[in-house]
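In: coords below, sequence missing:
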């Protein structure tokens, strides 16, 4: 089955289905997804719990429940951000709006690796998962239910991600999201992902007419070094497949990644 050119449509279908599931069906949104006697916990929520109440007798069971998303991230990287995250789905709905570049000071992907520890430290002193109180993922998951009643307070937590989205695509995911930072850290050793076939890539000889992949990438994961090394940033790539759809020569492929990470790819 040929997927090139159709990944976007498939991803939208998965995103909408997951959005409906987490808002209307999942008992506790993405904080805790329960399936009978089995459950899956938010990775960053568990980390906050460790800092808030560092009692290993209580933490060990949580680590078991968080194993599934950790293993998934080690295999596929930040695919959750590109395919399942409810906030990401909402932000993608704004993908075609004009942008006003007002977030230059925030425009560093390393910022999220500062924000995440800050919330962990806050959880330690407050003895409570501090980010959970303002988490837009939790907000959108709790914003409605089978009763059909919309909860404005929960929806209001989307104000910051949507606000900075007006300045740059996926700005929340790239620069601030602690959950994304946690998954990005785990993605350093991911097993599968997109990469550039440098033999098929036209970027070197047709600079003016190519680079469609880097222009399409919403997280700026494809840089100039990607065309030389074939490596796409493991921490920033959300596996959305937009680069795959836009490449005119089939130079983008989803495949096993090398164990060694190029120093400039992250």
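Out: Arrived safely, thanks for sending. A quick note: this is a predicted structure, and the numbers were derived from the prediction, not measured. Numbers count the residues shown, from 1 in each chain.

In: what about the strands in the stretch 51-200 of the chain?
Out: 192-196 (DSSP state E, counting those that start in this stretch).

In: In space, not sequence, find me the middle residue of this structure.
Out: By C-alpha atoms, centre = their mean, the mean C-alpha position of the chain lies nearest to residue 81, the distance being 2.4 Å.

In: Spit out the contact partners of that residue.
Out: Listed by C-beta atoms under 8 Å, 6 or more residues apart in numbering, the contact set of residue 81 reads 88, 173, 180, 183, 238. To be clear about C-beta, it is placed using only N, CA and C from the backbone, and glycine gets the same treatment.

In: Residue 186: neighbour count?
Out: Per other C-beta atoms under 10 Å, the neighbour tally for residue 186 reads 21.

In: gap between it and residue 9?
Out: Residue 186 is 28 Å from residue 9, where distance means C-beta to C-beta, to the nearest Å.

In: Same question for residue 200.
Out: In terms of C-beta to C-beta, residue 200 sits 24 Å off from residue 9.

In: in this protein, what spans have low per-residue confidence?
Out: Scanning the chain for pLDDT under 70 picks out the ranges 1-5, 26-29, 35-38, 55-63, 145-148, 204-209, 260-266.

In: same thing but at 80, please
Out: Where the chain drops to pLDDT under 80, the residues are 1-5, 24-30, 32-39, 53-65, 101, 103-106, 144-149, 203-209, 259-266.

In: Domain-wise, how is it divided?
Out: 7-187, 192-256 (automatic domain parsing).

In: thinking again about what came up before, so the nearest residue to the residue nearest to the centre of the chain once chain neighbours are set aside, which of the three states?
Out: Take residue 81 and drop its neighbours on the chain: the residue closest to it by C-beta to C-beta, 6 or more residues apart in numbering is residue 238, 4.1 Å away. At residue 238 the chain is in coil, as set by DSSP: H, G, I helix; E, B strand; the rest coil.

In: how about residue 238, what does it touch?
Out: By C-beta under 8 Å, 6+ apart, the contact set of residue 238 is 77-79, 81-82, 88, 170, 173, 218-219, 221.

In: Could you do residue 181 as well?
Out: 44, 112-113, 115-116.

In: What of residue 175?
Out: Contacts of residue 175 by C-beta under 8 Å, 6+ apart are 103, 106-109, 111-112, 164.

In: just the buried members of these?
Out: Buried members of the contacts of residue 175, counted by 16 or more other C-beta atoms under 10 Å: 103, 106, 109, 111-112, 164.

In: burial count for residue 70?
Out: 15.

In: That one and residue 202, how far apart?
Out: Residue 70 is 38 Å from residue 202, by C-beta to C-beta.
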